[in-house]
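Peer 1: Below is the sequence, then the predicted model.
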Amino acid sequence: MAIEEQNKKNKFIDPDLEKREILSPDGEIIKIDPMKDYFCDAKPKVHEPANKVIEKFLNWSRANSLWVLAFGTGCGSIEIPSLMTSRFDANRFGVQMRPTPRQSSVFIISGYLAVKTLKRVIRSYEQMQEPRYVVALGSCTVNGGMYYDSYNTINRLDYYIPVDVYVAGCMPRPEAMLAGFNKLKERIKAGRAEGANEYAEKFDWYKANQKKIIKDWNMPDYNW
Amino acid sequence: MEQILQDIGKQFKITDIVKKRDNLNFITCEKEQTISLITYLRDIKGFSHFVLLSVVDWIEDGVFQLVYFLNNPDKKIDIGIRTMISRENATMTSAHHLWEQIATYQRELKEMYGIDFPGSPRVDESFILEGWDDIPPMRREFDTKKYSEENFFPREGRETNDPEEYMKKKLYPDEEK
Amino acid sequence: MKKNSKLIWTPDRSKFPEQNSDGSLDVDLASQKYVKVWQGPNHPGVTGNMSLELTICGDEIVQAKTHVGYLHRGFEKLIERRKFIQGFTTCIRMCVAEPDTNEYNFSRCVEELSGIEVPEMANWLRALALEMARLQMLLRIVPGQGNTTGLGLGVQWGVYLRDLILDRFEELTGGRVYHMYITPGGVRGLLPDGFKQRMEDALKKIDEFIVDITKLMYNNAVFKKRTVGVGYLDPAWIDKFGVVGPNARAAGFKRDVRKDYPYLIYDKLDYEPFTATDSDIYTRSLVRREDLRTTVELIRQIMAKMPKTGNIRAQTPNVLHWKIPKGETYVRCESSRGEYGYYMVTDGSEFPRRVNLRGPSYVHAVSLLEKLLVGANIADVSSMMVSLGTCPPEIER
């Protein structure tokens, strides 16, 4: 769908995202179309595995440097400091925290997701470089957990972004998270962690699900 | 505390005095007098700490009960001032000029209950929800379970048991109902 | 600490635009003098999942707006759908970092409204659980203050010691983070064998930690330079904004719910809350360190004075048919961030009519932070947020 049409259909329009002209300090007039200028409008693509041997080597190296996006989306993030410091020390598994989505390959969804956060999560997820993996913590990402009847938290995370590993519990202990990371490594090495490709394949379905609950949709359909 | 209640009674029309603890009282006041009563308590009686602004939805009576909770840090006493406002077109006089944090409470109540506080700063901006287009969610008539089932793709296979029935079945399976 | 008026930095607000009466500000973004920057929700310098919308001029903040709601789960709505015994497992998730204060407040509301008297042994165990919760929270906040200025070592120590306290919680309650130990009517169990000895071992390490963190952080020249005189909270603002707890104590107000409105067995304990007057980030951090010392002392006192054994549960009605007569109450206790209150209304049915939480961050992180940040340097934002004790889940519930 063209971005203009989508903006028209949208009930909540962000004035920052409208077309406008601004005067630069040199007196030049610059035309700005934020939806086109700020965002990439190419659809995500499915990446076919290259060569069997090369892909195996790539997967091995991907599995051993899991860089995690430091975005505490829910209450599970209270155990992340314990996980990263001396006692449980996830660094020895090649897991480390990065502040920006551009550098990270693993997204930890730490627990329930409010609708407002889900929008930011999708945005961060699409900014991450492929291949990207999602580890979902807590019962609330599986089926809503104790918030199954809440009006503001989602029930199933795999309807909005593809999930590779679920770690159940409320909240999961750091040992369980370590086990989850090891499981993720196994999956990557076996070439089964294809979440990013799945997202590209079923892109329209994911977008439709996301749009169903995010009413304030002031972002473009394509990734950026 | 008794002295303060007597003093209030002389100047304002208060009803329904409930003494909960030695240092905690609830009084009911008319809608028009509420803000002046709060100002009086703050300036004359030393209730300088504003604790809480809360709402109870009495849907069967058709009223919202607003509760302003004040605290006197020197005498260490609390007072809760209840006032009833109609559920239809609920509006209340804003008290944002008395304490700074009241504006935040009023923003939340506007969003969660639909109670309007004309003149309160940024009261129309969304505070917690984003792009909400249903009735305000904290009202009693809003069914959160139904909303969740309609919108959030519940995972099939969840069983919900009534605890009483379930325990009866588990513990005394032979017993007839 | 002596008050040094030279160090207290008051920003020059003359060049900033005046605020309108409704709090809005006419900032001409097109003039290229101001830039709008979002800090959060995905940002390492923000405590928890919240965001700040900052308008900056150079590196000074002209306007700050707090945006919350990223953690909203609708607890107050959910509790209206839960029975009293179900509600208490739900409400503890309202503040993730320190859940025991929620358990205690909810239980006390239910007990007060249904007229249940809790046995004394249960009160001692409750106080122990509350102090342990405060201890593990302070072990996160105290070194966390250093982390915001780039001192990451303290966090490693603090989290290690916090894990020791969580181990003790695991022994006592079976849970690491969510304990569900304080139930309506009492507590769930007595102390396990040898608990006091193992607790004492952990407390000794925390005593050493306090000495070490003083050398590492409080005497550190960089840390002092970044925090002394920054984020000054005017004592006149304490009542105007409803500031409570350590932030008020750092401004010279002796506000401590444990002293002012003694609950549980706090009137049998001997301690004095620490107050200071400088009211900047450094002092607030200092107050938290002294709180840590007090808490360790209190846990020792509780363990020494506590009766050996006793009844830990009062007689409660059948929890499946627990109807509470119509009434309302407000209870408060002291969390690590200040007064933590619950307002509960019952209507005679099996479900609570309304439960409202009064969290200290509701005031500190929304209206107060927005005012404090004006004129501050953008590098001090995260220091300020940590020093105010921001905890987003209790703002939006």
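Peer 2: Thanks, I have it.
Peer 1: Going by C-alpha atoms from here, please, whenever you check contacts or count neighbours.
Peer 2: Noted.
Peer 1: Tell me how many other residues crowd the residue in the stretch 51-200 of chain C positioned nearest to chain A.
Peer 2: Nearest residue of the stretch 51-200 of chain C to chain A, counting by Cα to the nearest Cα: residue C:70, 5.0 Å away. Using other Cα atoms under 10 Å in any protein chain shown as the criterion, residue C:70 is surrounded by 29 other residues.
Peer 1: Tell me which helix or strand it sits in.
Peer 2: Remark: residue C:70 resides in no helix or strand, with elements defined by DSSP states H and E.
Peer 1: ok, now which ones touch it?
Peer 2: Contact analysis of residue C:70 by Cα atoms under 8 Å, 6 or more residues apart in numbering or on different chains lists A:73, A:114, A:115, A:116, A:117, B:128, C:49, C:50.
Peer 1: Can you check the pLDDT for it?
Peer 2: pLDDT recorded at residue C:70 is 86.
Peer 1: With the one 5 residues further on instead?
Peer 2: Looking at residue C:75, its pLDDT is 86.
Peer 1: what is the rounded mean pLDDT of the longest helix anywhere in chain A?
Peer 2: Scanning chain A for the longest helix, with DSSP state H as the assignment, gives helix A:174-189. Averaging pLDDT along helix A:174-189 gives 90.
Peer 1: same check, this time on stretch C:33-42
Peer 2: 79.
Peer 1: Need the distance between the two termini of it.
Peer 2: One end of stretch C:33-42 to the other measures 26 Å (Cα to Cα, to the nearest Å).
Peer 1: And stretch C:85-105, by the same measure?
Peer 2: OK, stretch C:85-105 end separation, Cα to Cα: 14 Å.
Peer 1: Do it and chain B come into contact?
Peer 2: No: Stretch C:85-105 is not in contact with chain B by Cα under 8 Å from any Cα of the partner chain; minimum separation 10.4 Å.
Peer 1: moving C-terminal of the helix-or-strand element of chain A with minimal mean pLDDT, what's the next helix or strand?
Peer 2: Least confident helix or strand of chain A, by mean pLDDT, DSSP states H and E, is helix A:3-9 with a mean of 55. Elements were assigned by DSSP H and E; along the chain past helix A:3-9, the next helix or strand is strand A:20-23.
Peer 1: Describe which strands the next helix or strand after that following strand pairs with in its sheet and in which direction.
Peer 2: Note on strand A:20-23: by DSSP H and E, the next helix or strand toward the C-terminus is strand A:29-32. Neighbouring strands of strand A:29-32 in its sheet, by DSSP bridges, are strand A:20-23 (antiparallel).
Peer 1: Residues contacting the partner strand from elsewhere in the structure, which ones?
Peer 2: A:29, A:30, A:31, A:32, A:33, C:30.
Peer 1: Including pLDDT and neighbour count, could those go into a markdown table?
Peer 2: Converted to a markdown table, these look like this (pLDDT from 0 to 100; neighbours: other Cα atoms under 10 Å in any protein chain shown):
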| residue | pLDDT | neighbour count |
| --- | --- | --- |
| A:29 | 83 | 11 |
| A:30 | 81 | 11 |
| A:31 | 83 | 12 |
| A:32 | 79 | 15 |
| A:33 | 78 | 15 |
| C:30 | 63 | 12 |
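Peer 1: Can you lay out the residues you listed as JSON lines showing distance to residue C:341?
Peer 2: Shown next, in JSON lines, are those (distance: Cα to Cα, whole Å):
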{"residue": "A:29", "distance to residue C:341": "56"}
{"residue": "A:30", "distance to residue C:341": "54"}
{"residue": "A:31", "distance to residue C:341": "53"}
{"residue": "A:32", "distance to residue C:341": "50"}
{"residue": "A:33", "distance to residue C:341": "49"}
{"residue": "C:30", "distance to residue C:341": "45"}
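Peer 1: What residues does the residue nearest the centre of chain C make contact with?
Peer 2: Centroid check for chain C by Cα atoms, centre = their mean gives residue C:337 as the closest residue, at 2.8 Å. Neighbouring residues of residue C:337 by Cα under 8 Å, 6+ apart: C:244, C:245, C:246, C:247, C:360, C:361, C:389.
Peer 1: Most neighbours out of the residues you listed, which is it?
Peer 2: That'd be residue C:246 among the contacts of residue C:337, by other Cα under 10 Å, with 34 neighbours.
Peer 1: Look at residue B:122 and give its secondary structure.
Peer 2: At residue B:122 the chain is in coil, as set by DSSP: H, G, I helix; E, B strand; the rest coil.
Peer 1: from what I can see it touches residue B:106, true?
Peer 2: No: between residue B:122 and residue B:106 no contact is recorded; they are 9.4 Å apart, counting by Cα atoms under 8 Å.
Peer 1: Quick one: residues contacting the residue nearest to residue C:349 when sequence neighbours are not counted.
Peer 2: Distances taken as Cα to Cα, 6 or more residues apart in numbering or on different chains put residue C:323 closest to residue C:349, at 5.3 Å, once the chain neighbours are dropped. If you count contacts by Cα under 8 Å, 6+ apart, residue C:323 has them with C:348, C:349, C:350, C:351.
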